[in-house]
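Chemist: Dropping a prediction and its sequence here:
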Amino acid sequence: MEVHVTGNAAALAEANDFKRFKVVMSDRPAAGFASLGADLRSALTFDDADTAWVSCTWLRAAGPADPDWLARFELMLDKARPMGWVSADGAAIRAHVEWPLAAGDSPAVGDAFRKAMRRLAATPCLVTTLRDGRRHGMAATSVTSLCFEPPSILVCVNTGASIHDPLDAEGRFCANLMGGAHSDLLGAFSGELKGEARFSLGDWREEGGLPYLADAQANIFCSVAERWRYGTHSIFVGQVEAVRADAELDPMVYLDGRKGRFATA
């Protein structure tokens, strides 16, 4: 199933394909993702340049006037909810956004790369910071170790993400490694909830001026040592200031859009 957007008009395509769901932007550059007309805002909103929330009311109206189709659509929503792809109020479903190719881009390489990255299992992190008394956070799998001398990690943040500017200005953050019991938090920090409401779930505390998840697998407190901009993202080098680690080893594992738990052989 695809939502095709041209100008400020949206239309549903491949309506009977319930195995995939995405938004295809036909003629709008990714840099302008937040500039939507009123007509288009009734159909979808953007969490960032890579993720849109599509109105379920709009989808029901745009789909075939067929009771069987509506039943299959509701079944799709039921399957998407445990994955965190349906908003907390049930009003919208999450979709990946596909933008027009820039000159010289190869669709074959882009599609193959996306498919390859969906096969890279990772433990999601909740990246958090505090700026002017307000907490900000996002879910990310693009967090990785850099080196041990000095201890440091890399965090990649889309420039359109709500945490980007506060993190850039504050220069400090905490990477909270998620455990298998944090399923509800993954959805909340991936767009189901906004701003401070994201911290209404979970045992959040504060240390050294940074919010941290008390029962995370680990909390890595960092100051930003360096930063670069590449493509749609900023790359932050976090120099590790302090670490807390849970004694129980039960990380969340994210693979191909699905979350699960690690099991030893």
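Modeler: Right, received. Where do you want to start? What you are looking at is a predicted structure, and each value in this text was computed from that prediction instead of being measured. Residues are numbered from 1 along each chain as shown.

Chemist: Show the average pLDDT along stretch 72-80.
Modeler: Taken as a whole, stretch 72-80 has an average pLDDT of 88.

Chemist: For it, give me every contacting residue.
Modeler: By C-beta atoms under 8 Å, 6 or more residues apart in numbering, the surrounding residues in contact with stretch 72-80 are 16, 18, 21, 56, 59-60, 63, 86, 90, 93-94. For glycine as for every other residue, the C-beta is placed from the backbone atoms N, C-alpha and C.

Chemist: hey, C-alpha coordinates of it in PDB?
Modeler: The C-alpha coordinates for stretch 72-80 follow below in PDB (Å, rounded to 0.1, in the frame of the first residue of the first chain):
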ATOM      1  CA  ARG A  72      -8.400  -6.400   5.900                       C
ATOM      2  CA  PHE A  73      -7.300  -2.800   6.700                       C
ATOM      3  CA  GLU A  74      -8.300  -3.200  10.400                       C
ATOM      4  CA  LEU A  75      -6.400  -6.500  10.500                       C
ATOM      5  CA  MET A  76      -3.300  -4.700   9.200                       C
ATOM      6  CA  LEU A  77      -3.700  -2.200  12.100                       C
ATOM      7  CA  ASP A  78      -4.000  -5.000  14.600                       C
ATOM      8  CA  LYS A  79      -0.700  -6.500  13.300                       C
ATOM      9  CA  ALA A  80       1.000  -3.000  13.300                       C
END
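
Chemist: Give the buried residues for it.
Modeler: Buried residues in stretch 72-80, defined by neighbour count with 16 or more other C-beta atoms under 10 Å: 73, 76.

Chemist: now stretch 3-17
Modeler: Neighbour-count burial for stretch 3-17, counted by 16+ other C-beta under 10 Å, picks out 3-5, 10, 12, 15.

Chemist: could the residues you listed go into JSON lines alongside secondary structure?
Modeler: Formatted as JSON lines, the buried residues of stretch 3-17 follow (DSSP: H, G, I helix; E, B strand; the rest coil):
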{"residue": "V3", "secondary structure": "strand"}
{"residue": "H4", "secondary structure": "strand"}
{"residue": "V5", "secondary structure": "strand"}
{"residue": "A10", "secondary structure": "strand"}
{"residue": "L12", "secondary structure": "strand"}
{"residue": "A15", "secondary structure": "coil"}
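
Chemist: any idea which helix or strand carries W58?
Modeler: W58 is part of helix 56-62, with elements assigned from DSSP states H and E.

Chemist: Who are the contact partners of G133?
Modeler: By C-beta under 8 Å, 6+ apart, no residues touch G133.

Chemist: Report the separation between it and E241.
Modeler: In this view, G133 and E241 are 21 Å apart by C-beta to C-beta, to the nearest Å.

Chemist: if we can go back for a sec, alpha carbons only: can I get the helix holding W58 in PDB?
Modeler: The C-alpha coordinates for helix 56-62 follow below in PDB (Å, rounded to 0.1, in the frame of the first residue of the first chain):
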ATOM      1  CA  CYS A  56      -6.400   6.100   9.500                       C
ATOM      2  CA  THR A  57      -9.600   8.100   8.900                       C
ATOM      3  CA  TRP A  58      -8.100   9.400   5.600                       C
ATOM      4  CA  LEU A  59      -7.000   5.900   4.600                       C
ATOM      5  CA  ARG A  60     -10.500   4.400   5.200                       C
ATOM      6  CA  ALA A  61     -12.000   7.200   3.100                       C
ATOM      7  CA  ALA A  62      -9.400   6.900   0.300                       C
END
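
Chemist: Determine the next helix or strand in the C-terminal direction from it.
Modeler: Counting by DSSP H and E, the next helix or strand C-terminal to helix 56-62 is helix 67-80.

Chemist: next structured bit after that following helix?
Modeler: Later in the chain than helix 67-80, the nearest helix or strand by DSSP H and E is strand 92-98.

Chemist: Could you list the low-confidence segments of the stretch 101-250 of the chain?
Modeler: Counting by pLDDT under 70, the stretch 101-250 of the chain shows low-confidence ranges at 101-110.
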